[in-house]
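*Asks:* I would like the atomic coordinates for the input below:
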Amino acid sequence: MVEVRRTVRGFSSDLTAVVDCARGPFFLKAMRNRPGGRRKSLIRERLINTYLGHISPPLLWDNGRGL
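*Replies:* Residues are numbered from 1 along each chain as shown. Okay, here's the model as predicted:
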């Protein structure tokens, strides 16, 4: 990992950042698992990601513990 840059947008997640590393830049989105949080929206994003290849980059990894 070379650098982590927080994004100026992404207000609906607890963390959005671009991680620069040897394999290229990666977009990171994270959400706390808490009552009333937006975790369910990230789960929905994961479920539909394969259908959005024409407008969205592929999901490379998720930590779906507790699903």
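*Asks:* most centrally placed residue in the chain?
*Replies:* Nearest to the geometric centre of the chain sits residue 29, at 2.8 Å (C-alpha atoms, centre = their mean).
*Asks:* That residue looks like it's in a strand, true?
*Replies:* Yes. Residue 29: assigned to a strand according to DSSP: H, G, I helix; E, B strand; the rest coil.
*Asks:* what pLDDT does it get?
*Replies:* Looking at residue 29, its pLDDT is 84.
*Asks:* For residue 53, give its distance to residue 59.
*Replies:* Here residue 53 is placed at a distance of 10 Å from residue 59 (C-beta to C-beta, to the nearest Å). Quick note: C-beta positions are derived from backbone N, CA and C, even for glycine.
*Asks:* ok, the two, which is more surrounded?
*Replies:* Ranked by neighbour count (other C-beta atoms under 10 Å), residue 53 and residue 59 place residue 59 first, with 14 against 9.
*Asks:* so that one makes contact with residue 47?
*Replies:* No. If you go by C-beta atoms under 8 Å, residue 59 and residue 47 don't touch, sitting 9.8 Å apart.
*Asks:* Walking through this protein, point out its strands one by one.
*Replies:* Ranges of strands within the chain are 3-6, 15-21, 24-30, based on DSSP state E.
*Asks:* Pull the distance from the shortest one to the chain's centre.
*Replies:* For strand 3-6, the distance between its averaged C-alpha position and the chain's averaged C-alpha position is 14 Å (C-alpha atoms, centre = their mean, to the nearest Å).
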